[in-house]
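Novice: only the shape, not the letters, is given here:
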């Protein structure tokens, strides 16, 4: 990436151990593959609050991509599935409305073992994956034709 890029990460504080793993891995990967880029992190209480902050950032900032990070662990009710679906739909609508890549790594997992594998370990780490997708989407968007 030739020019300096600007990324935002919006991360849930809920299930903080796992989300912190996602954030740290995403930041580290962005530093490696997009050196010199700025990365701002905003924390919100839970996954449900992520889309509102993403919307505000997309509306009021000039960003190349936004990364949404969170961990929802399934419980005995349907609450986790409802939150996960709502967040997914909201992030997609925001990405299209603002024409900015919003990388969705708000994970809905069955248990802490799955969370650990995807957030704290290297092989399946979704923070690393999110950073790579963000950089790739910036490249794709830069190559698209622009109106005259």
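Specialist: Yep, that arrived. Just so it is clear, the model here is predicted, and its values are computed rather than measured.

Novice: run through who's touching the lowest-mean-pLDDT helix or strand in the chain.
Specialist: Lowest by mean pLDDT, DSSP states H and E among the helices and strands of the chain is helix 112-119, with a mean of 91. Helix 112-119 is contacted from outside by 15, 17-19, 21-22, 25, 71, 73, 107, 109, 123-127, using CB atoms under 8 Å, 6 or more residues apart in numbering. For the C-beta atoms, the positions are set from N, CA and C on the backbone; glycine is no exception.

Novice: who wins for neighbours among the residues you listed?
Specialist: If you count neighbours using other CB atoms under 10 Å, the busiest of the contacts of helix 112-119 is residue 22, which has 31 neighbours.

Novice: next up, the contacts around that residue.
Specialist: Counting by CB under 8 Å, 6+ apart, residue 22 makes contact with 11, 69, 71, 105, 119, 125, 126, 127, 130.

Novice: export these to CSV and append columns for distance to residue 4 and secondary structure.
Specialist: Below are the contacts of residue 22 laid out as CSV (distance: CB to CB, whole Å; DSSP: H, G, I helix; E, B strand; the rest coil):
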residue, distance to residue 4, secondary structure
11, 22, strand
69, 22, strand
71, 30, strand
105, 23, strand
119, 28, helix
125, 25, coil
126, 25, helix
127, 22, helix
130, 20, helix
